[in-house]
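Q: Requesting a structural model of the entry that follows:
(one chain, ligands or ions: 1)
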Amino acid sequence: MTDWLVVGAGVAGSVVSARLAAAGAIVTVVDAGPATVTGDDLFAALAVTDRVRSTPLVRRVEGGPLVPYTSGVGPGGGSAVNGSIMSMSGPFRHRHSIPFEVVERVVRSTVNGHRVDTWAAYHGPSSLAMDRLVLSTPVESLLVDSRRCVGVRTESGEELFADRVVVCAGAIMTPTLLLRSAIGGPAVGVGLQDHPAVALVHGVRSSLGSTGPSISTLERVGPIQIMHLRRLGPAGDDSSVSGLGATVVMLMRPESRGSVRLDHEGYPAVSFGIGSVDADIERLSGGVSEILGEGLAGDIVDAPRGDTVEDWVRERLATAVPVVTHAASGCAMGSVVDRFGRPDGVENLYVVDASIFPAVPSVNPMLPTVQLSETMVDRWLAAGFV
Ligand SMILES: Cc1cc2nc3c(=O)[nH]c(=O)nc-3n(C[C@H](O)[C@H](O)[C@H](O)COP(=O)(O)OP(=O)(O)OC[C@H]3O[C@@H](n4cnc5c(N)ncnc54)[C@H](O)[C@@H]3O)c2cc1C
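A: Presented below is the predicted three-dimensional model:
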């Protein structure tokens, strides 16, 4: 029986490991993070600090300042800390194990209002012996012997061996691991994308009583997606609550691209190149102008005033900590990996996660990443690899 090692227990790693184990493979999963329980709500989950990484610092625009970039670590990866919000447009409705619920008119991966991350959706009740889930163990590089991948080296120097290795470390760390291991050729790390997004921040007041720290709604108009977030404080004497609201305007079909490279110490040097195509800024600014035309509720805390929308958008894209972290495409299928997720020149190695999308999905990326992973395992099974 073939022994598989999956690097990363995030969205893709959850699906791949569960499907391989269900097919009878011996599967070990290694992840950089712990299994600390996270909350159902986006803000509550992001407060569980050992499940969240804000490194590496990244440049959103070419030559811009370094800003933190949030990702999730541990079982479920991004899905354990994210908004768990699905866009229901797009060709992504076929088979998967993710539960759906409509909460406040938004489709979420929850059951009775409680988050179900991809690890829980695919492994509970577990299809993988828990001693085969190795946590808090960052992988440093891949081990290659005579053009065959034979395992991984962890940051503590331990070597873990397997017949086949699947890298599911996410859109920034997967190209980083390939670059460190000199695998995949010159296209590795090239073409990185994200959904450019800005947050119009304003005060909110509600007489609904406290309904939890955040409420989101989602709308789509052509290439623009608009998400409304509210973070309400405790109820006051009159049982009304006040707090901050953010109307997040996102461009879902950007053309701008950046890259993941290695710095001289082997750490990821990331630039998203956002706004390198002027049309992206124009489309996003158009979306912002429409929202402003409709008027923001409450006192404006941070939004463009007058006719400076495009300048404001450029400045916020470059300097603000991103409200949307949907990185994709640094190991694109077609240029770095083939239709089975295999990089050229190394056997027994597969890459499956948001890094292999040729472009960032034009919808929220969690469900497309699940579908991609399902499709990939289907292909491996059909080809007799498992
Ligand atoms: C705060 C936040 C909010 C988001 N909101 C939404 C949303 O509402 N809807 C939506 O569709 N998408 C959302 N996303 C995006 C979505 O979560 C990601 O697109 C998705 O998680 C990508 O899946 P992945 O498998 O490529 O990577 P991940 O899910 O990030 O998984 C990568 C895994 O690899 C592990 N790893 C990384 N490096 C190493 C290493 N060196 N060694 C071992 N393990 C490693 C990590 O610990 C992690 O578990 C959000 C993301 C964030 C961070």
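Q: going forward, measure contacts and count neighbours with C-alpha atoms only.
A: Will do.
Q: how about the residues of the stretch 201-350 of the chain near the ligand?
A: Proximity of the stretch 201-350 of the chain to the ligand is assessed by CA under 6 Å from any ligand atom, with 325-326 identified as the residues in range.
Q: just the strands in the stretch 201-350 of the chain please.
A: Chain-ordered strands for the stretch 201-350 of the chain, with DSSP state E, counting those that start in this stretch as the definition, fall at 214-221, 224-232, 241-251, 258-262, 268-271, 300-302, 349-351.
Q: and the first one, what's its mean pLDDT?
A: Okay, so that is strand 214-221. Model confidence over strand 214-221, given as mean pLDDT, is 81.
Q: Direction included, what does that strand pair against?
A: Paired neighbours of strand 214-221 in the sheet (DSSP bridges): strand 224-232 (antiparallel).
Q: Can I get the partner strand as CSV, trimmed to CA atoms?
A: The C-alpha trace of strand 224-232 is given here as CSV (Å, rounded to 0.1, in the frame of the first residue of the first chain):
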residue,chain,number,x,y,z
ILE,A,224,-17.4,43.7,-8.1
GLN,A,225,-18.3,41.9,-4.9
ILE,A,226,-19.5,43.9,-1.9
MET,A,227,-19.4,42.5,1.6
HIS,A,228,-20.9,44.3,4.6
LEU,A,229,-19.2,43.6,8.0
ARG,A,230,-20.4,44.9,11.3
ARG,A,231,-18.6,44.7,14.6
LEU,A,232,-21.0,45.6,17.3
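Q: And the average pLDDT for it is what?
A: pLDDT averaged over strand 224-232 equals 87, rounded to a whole number.
Q: is it true that T110 touches F100?
A: Yes: with contacts defined as CA atoms under 8 Å, T110 counts as touching F100 at a distance of 6.1 Å.
Q: out of the two, which sits in the more crowded spot?
A: More crowded of T110 and F100, by other CA atoms under 10 Å: T110, with 20 against 16.
Q: what's around the nearest residue to that one once chain neighbours are set aside, how many residues?
A: Leaving aside its chain neighbours, T110 sits nearest to V116 (5.1 Å; criterion: CA to CA, 6 or more residues apart in numbering). Burial of V116 is recorded as 22 neighbouring residues (other CA under 10 Å).
Q: Next up, the contacts around V116.
A: By CA atoms under 8 Å, 6 or more residues apart in numbering, the contact list for V116 reads 80, 98-99, 109-110.
Q: top of these by neighbour count?
A: The most neighbours of any of those, using other CA under 10 Å, belong to A80, which has 32 neighbours.
Q: can you tell me how far it sits from V134?
A: 17 Å (CA to CA, to the nearest Å).
Q: List phi and psi for the closest residue in space to V48 that isn't next to it in sequence.
A: On the basis of CA to CA, 6+ apart, the spatially nearest residue to V48 that is not a chain neighbour turns out to be T38, at 6.2 Å. For T38, the backbone dihedrals (degrees, to the nearest 10) come out as phi -110, psi 170.
Q: Please renumber the chain so that the first residue is 754 from this point on.
A: In the new numbering, first residue 754, that becomes T791.
Q: neighbours of T791, just the number please.
A: 19.
Q: Touching, it and A798? I think so.
A: Yes: between T791 and A798 a contact is recorded at 4.9 Å, counting by CA under 8 Å.
Q: Show me the common contact partners of these two, please.
A: Taking CA under 8 Å, 6+ apart as the contact rule, T791 and A798 both touch 833-834.
Q: Point out where the stretch 954-1103 of the chain drops to low pLDDT.
A: Residue ranges of the stretch 954-1103 of the chain with pLDDT under 70: 960-966, 968, 987-992, 994, 1059-1060.
Q: Where do the helices of it begin and end?
A: 1031-1047, 1062-1072 (DSSP state H, counting those that start in this stretch).
Q: I'd like the ones you listed written out as a markdown table, with distance to L810 and mean neighbour count added.
A: Shown next, in a markdown table, are the helices of the stretch 954-1103 of the chain (distance: least, CA to CA, whole Å; neighbours: other CA atoms under 10 Å):
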| stretch | distance to L810 | mean neighbour count |
| --- | --- | --- |
| helix 1031-1047 | 23 | 17 |
| helix 1062-1072 | 12 | 18 |
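Q: May I see these organised as a markdown table, with distance to T808 added?
A: Rendered in a markdown table, the data for the helices of the stretch 954-1103 of the chain read as follows (distance: least, CA to CA, whole Å):
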| stretch | distance to T808 |
| --- | --- |
| helix 1031-1047 | 26 |
| helix 1062-1072 | 16 |
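Q: Tell me which of the ones you listed sits nearest to T927.
A: Smallest distance to T927 across the helices of the stretch 954-1103 of the chain (CA to CA): 24.0 Å, for helix 1062-1072.
Q: Let me know the angle separating that closest one from helix 1031-1047.
A: Between the direction of helix 1062-1072 and that of helix 1031-1047, the angle (axes from the mean of the first three to the mean of the last three CA atoms, to 10 degrees) works out to 110 degrees.
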